[in-house]
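Q: no FASTA, just this:
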Ligand SMILES: Nc1ncnc2c1ncn2[C@@H]1O[C@H](COP(=O)(O)OP(=O)(O)O[C@H]2O[C@H](CO)[C@@H](O)[C@H](O)[C@H]2O)[C@@H](O)[C@H]1O
Ligand SMILES: OC[C@H]1O[C@H](O[C@H]2[C@H](O)[C@@H](O)[C@@H](O[C@H]3[C@H](O)[C@@H](O)[C@@H](O)O[C@@H]3CO)O[C@@H]2CO)[C@H](O)[C@@H](O)[C@@H]1O
């Protein structure tokens with residue numbers, strides 16, 4: 001059978017790839033219906049009816065670079081789409097910081113250089129490439145991506161030149177399909193750009209301002225995927241000329257802070273906002289859950305973009321993220337000490353004992369073990385956890401938190417551990433293996449996020465039989481079904497989703513979960529098993545993205 005790369009290239013050249021193409025509509029390949037699926041290791045792999053050349057643009061993708069959920073999604077969704085027959089490229093920076101460099105070991109220099117006209121000069125970037133899991137992983141190389149710290153900053157805060165770094169990424173991503181011969185063929189001008197968050201948000205602006213007026217990318221479309229409205233890539237208006245965009249496009253990025261957010265009386269609040277640029281110019285917009293797609297149109301959830309997003313409601317959809325079950329599967333997970341499944345839960349108790357031992361907590365099978373995993377950020381509601389800790393620590397429970405971010409919260413985790421030695425562990429840092437062991441070993445996962453566009457940890461928790469207790473917001477409300485002991489067909493639900501977000505409510509819900517764990521063993525097992533039986537695989541989300549791609553191609557592309 002033709003590889004996805006061969007499909008796309010043959011499509012561009014007007015050839016019919018052997019074996020799978022039945023016809024061609026608007027340069028897209030229609031896959032024969034009788035071949036809509038193939039058997040992959042005992043499971044039927046669904047195939048797309050219409051395949052595209054897809055270009056993901058992102059600031060992070062696992063396993064190369066990850067700071068949070070964006071990395072998970074951009075590491076998995078492209079693979080799921082490629083498995084369905086699309087030709088898929090992911091364009092991201094080649095971050096080298098001295099410790100993560102080995103992640104790029106299999107990516108090879110393509111010998112392609114381009115010069116990008118922005119920030120008062122021409123900046124040369126080069127491309128590295130790895131073909132893995134049927135996806136073309138393309139890494140943009142520039143010295144500004146090589147420095148110690150995390151992806152976006154270091155202990156002093158966000159890097160001061162992030163606007164420059166991600167402007168380079170966006171220009172490079174627009175050029176990559178035209179200049180890189182991957183598997184022997186370029187992707188060409190008929191692409192579906194999937195631009196993720198602010199780092200990639202200049203792509204639709206560049207397509208509209210710098211390519212389409214010259215007849216290039218007329219048949220491409222772009223989709224903005226919003227993972228988190230909290231980060232919009234906002235910088236002073238005086239930086240606009242640095243971006244290399246025509247002056248008449250200023251309005252697309254123009255952003256004026258409300259008066260209350262200005263720093264002094266003479267501050268006019270004038271800024272440029274990358275994410276806003278994409279909200280204006282992208283052909284369609286997707287948020288990572290349906291609930292969040294509504295919340296972003298409200299004053300409470302829209303982070304200043306609500307009116308603009310409301311005006312684009314007709315092209316705004318929500319698709320709940322999936323999870324990568326090759327990485328997150330308790331029956332095969334390489335990071336956990338014992339394996340288990342919905343049919344045999346015995347390994348979970350062993351994982352709990354091993355986690356307690358690893359953390360130096362008393363090894364007690366009967367004590368409810370509560371976990372939290374996440375970036376230590378205002379979004380995640382850690383300050384509310386801080387407030388309930390004195391009360392919660394009076395209960396017979398254990399609590400482990402894994403996180404990094406805000407240094408004050410990191411210090412608080414350390415000091416809380418020193419106060420409640422037998423009950424509380426604060427694991428400060430970023431460790432994927434530890435996150436797997438906490439997900440497997442805990443009984444309850446707490447997520448009191450103020451807002452949560454989708455949330456992945458609650459999905460991982462359910463997959464591992466760990467019962468989520470979450471604030472009913474965004475994707476958490478969409479994915480965690482409240483426990484109902486009196487459902488129509490018996491007990492229902494996969495966890496607890498509480499609202500409003502108050503400390504009283506959180507404590508009350510945690511106490512309900514704890515007493516259910518202690519006193520209603522069979523109900524607890526039901527909660528675990530219903531969560532473990534949910535299908536959160538990426539294939540389902542990938543199919544919904546395909547629908548959005550089709551809609552994007554029905555409409556005309558954005559032009560000013
Ligand atoms: N200290 C640590 N050590 C190891 N692993 C850690 C860690 N801290 C966080 N992680 C991992 O990072 C990921 C976090 O994903 P989330 O979706 O929960 O939140 P995030 O806010 O980063 O993502 C944003 O984007 C995603 C993707 O769309 C949305 O689901 C979400 O709502 C939105 O806020 C998980 O894989 C988690 O295990
Ligand atoms: O995957 C986790 C999140 O990663 C992204 O968020 C990062 C954001 O895009 C970066 O700009 C940066 O945010 C800094 C922000 O720009 C700055 O004004 C200041 O508030 O400090 C922030 C932290 O350095 O880092 C964010 C990750 O911490 C992605 O956009 C999100 O969707 C993901 O949730």
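A: Arrived safely, thanks for sending. Please read all numbers here as calculations on a predicted model, not as lab measurements. Ligands and ions are numbered 1, 2, ... in the order given.

Q: quick one, phi psi at residue 399?
A: Backbone torsions of residue 399, given as degrees, to the nearest 10, read phi -140, psi 130.

Q: any idea how far it lies from residue 452?
A: 20 Å (CB to CB, to the nearest Å). Bear in mind the C-beta positions are built from the backbone N, C-alpha and C, glycine included.

Q: so for these two, which sits in the more crowded spot?
A: Just comparing residue 399 and residue 452: by other CB atoms under 10 Å the higher neighbour count belongs to residue 452, 32 against 26.

Q: what does the protein put close to ligand 2?
A: 67-71, 152-153, 158, 162, 197-198, 227-228, 231, 375 (CB under 6 Å from any ligand atom).

Q: what subset of those is also close to ligand 1?
A: Okay, of the residues of the chain next to ligand 2 touching ligand 1 (CB under 6 Å from any ligand atom), that's 68, 69, 70, 227, 228, 375.

Q: in CSV: those residues, plus distance to residue 367 and neighbour count.
A: Converted to CSV, those look like this (distance: CB to CB, whole Å; neighbours: other CB atoms under 10 Å):
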residue, distance to residue 367, neighbour count
68, 30, 18
69, 30, 23
70, 35, 24
227, 35, 23
228, 35, 22
375, 27, 17
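
Q: the residue nearest the centre of the chain: what's it in contact with?
A: Ranked by distance to the mean C-alpha position of the chain (CA atoms, centre = their mean), the top residue is residue 70 at 2.6 Å. Counting by CB atoms under 8 Å, 6 or more residues apart in numbering, residue 70 touches 58, 59, 60, 196, 197, 227, 228.

Q: one step back: looking at the ones next to ligand 1 among the residues of the chain next to ligand 2, which is nearest residue 218?
A: residue 227 (28.5 Å; CB to CB).

Q: hang on, that closest one packs against residue 195?
A: No - counting by CB atoms under 8 Å, residue 227 stays clear of residue 195, with 11.1 Å between them.

Q: with adjacent residues omitted, what lies nearest to residue 356?
A: Leaving out its chain neighbours, the residue that sits closest to residue 356 by CB to CB, 6 or more residues apart in numbering is residue 363, at 4.7 Å.

Q: what's the neighbour count on the one you found?
A: 12.

Q: what about it, which SS state?
A: Judged by DSSP: H, G, I helix; E, B strand; the rest coil, the three-state class of residue 363 is coil.

Q: please apply the same query to residue 379.
A: With three-state DSSP as the basis, residue 379 sits in helix.

Q: which residue does the stretch 1-150 of the chain bring closest to ligand 2?
A: residue 68 (2.5 Å; CB to the nearest ligand atom).

Q: that residue contacts residue 373, correct?
A: No - under the criterion of CB under 8 Å, residue 68 makes no contact with residue 373, lying 10.4 Å away.

Q: what is the strand or helix carrying residue 383 packed up against?
A: Assigned by DSSP states H and E, residue 383 falls within helix 382-392. Under the contact definition 3 or more CB pairs under 8 Å, 6 or more residues apart in numbering; DSSP states H and E, helix 382-392 sits against strand 369-376, strand 398-405, helix 407-419, helix 503-519.

Q: can you redo those as CSV with mean pLDDT?
A: Formatted as CSV, these follow (pLDDT from 0 to 100):
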stretch, mean pLDDT
strand 369-376, 97
strand 398-405, 96
helix 407-419, 97
helix 503-519, 98
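
Q: okay, the ones you listed in JSON lines with distance to residue 286 next?
A: Formatted as JSON lines, those follow (distance: least, CB to CB, whole Å):
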{"stretch": "strand 369-376", "distance to residue 286": "22"}
{"stretch": "strand 398-405", "distance to residue 286": "26"}
{"stretch": "helix 407-419", "distance to residue 286": "31"}
{"stretch": "helix 503-519", "distance to residue 286": "30"}
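
Q: and of these, who's closest to residue 318?
A: strand 369-376 (21.3 Å).

Q: ok, that closest one: who's next to it in the sheet?
A: strand 398-405 (parallel), strand 444-447 (parallel) (DSSP bridges).

Q: deepest-packed of those strands, please.
A: strand 444-447 (a mean of 25; mean count of other CB atoms under 10 Å).

Q: which intervals of the protein have sub-threshold pLDDT?
A: Applying pLDDT under 70 to the chain flags residues 1-43.

Q: circling back: quick one: the helix holding residue 383 near ligand 1?
A: No - for helix 382-392, no contact with ligand 1 is found by CB under 6 Å from any ligand atom; the gap never falls below 11.6 Å.

Q: still on that earlier bit, ok, which of the helices and strands packed on helix 382-392 comes nearest residue 548?
A: That would be strand 369-376 among those, by CB to CB, at 27.5 Å.
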